[in-house]
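Peer 1: got a predicted structure plus its sequence, pasted below:
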Amino acid sequence: MRCILALATFAIMVGMAIPAYADSTDDQFLAQLGEAGITYPDPNKAIAAGKSVCQMLVDQNMIMVNVIIAIHNSNPKLSWDKAAKFTDIASNTYCPTPGDNSGNPS
């Protein structure tokens, strides 16, 4: 049930992502996605999805595998491998300490 709630929250966040101006952290995130071969039609939605990774890890106290599942289920055309890479890149970019479930996302 918790995973379903997280998926619904994630889908709403991505769907309602307001246009944002990328800062250097966002630019770094997008560059790393490109280096990993992960493409996206809308940079703002990719950034919002990336930031949601930390919200799921920190605010919802989800474990990494469930976050990967949420990312994949929200983007079914994204392979499992790329969903894992996306989650790892997002965690390393936006979370206070990679893999740490404390603190707030940047």
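Peer 2: Structure's in. What do you need?
Peer 1: buried residues in the helix or strand in which Ala83 is found?
Peer 2: Applying DSSP states H and E as the criterion places Ala83 in helix 80-94. With burial defined by 16 or more other C-beta atoms under 10 Å, the residues of helix 80-94 counted as buried are 82-91, 93-94. Heads up, the C-betas are built off the backbone N, CA and C, glycines and all.
Peer 1: who's in contact with that helix?
Peer 2: 25, 28-29, 32-33, 36-38, 49-51, 53-54, 57, 64, 67-69, 71-72, 75, 78, 98-99, 105-106 (C-beta atoms under 8 Å, 6 or more residues apart in numbering).
Peer 1: cross those against helices and list the overlap.
Peer 2: Members of the contacts of helix 80-94 lying in helices (criterion: DSSP state H): 25, 28-29, 32-33, 49-51, 53-54, 64, 67-69, 71-72.
Peer 1: can you flag the buried ones in those residues?
Peer 2: Using 16+ other C-beta under 10 Å as the burial test, the ones in helices among the contacts of helix 80-94 include 29, 32-33, 49-51, 53-54, 64, 67-69, 71-72 as buried.
Peer 1: which stretches of this protein have low pLDDT?
Peer 2: Residue ranges of the chain with pLDDT under 70: 1-22, 97-106.
Peer 1: run the last query once more with 50
Peer 2: 3-9, 11-12, 14-19, 98-106 (pLDDT under 50).
Peer 1: returning to what we had before: got TSV for the buried ones among the ones in helices among the contacts of helix 80-94, with distance to Asp42 too?
Peer 2: Shown next, in TSV, are these (distance: C-beta to C-beta, whole Å):
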residue	distance to Asp42
Phe29	14
Gln32	17
Leu33	12
Ala49	10
Gly50	12
Lys51	14
Val53	17
Cys54	20
Met64	25
Val67	20
Ile68	21
Ile69	22
Ile71	15
His72	18
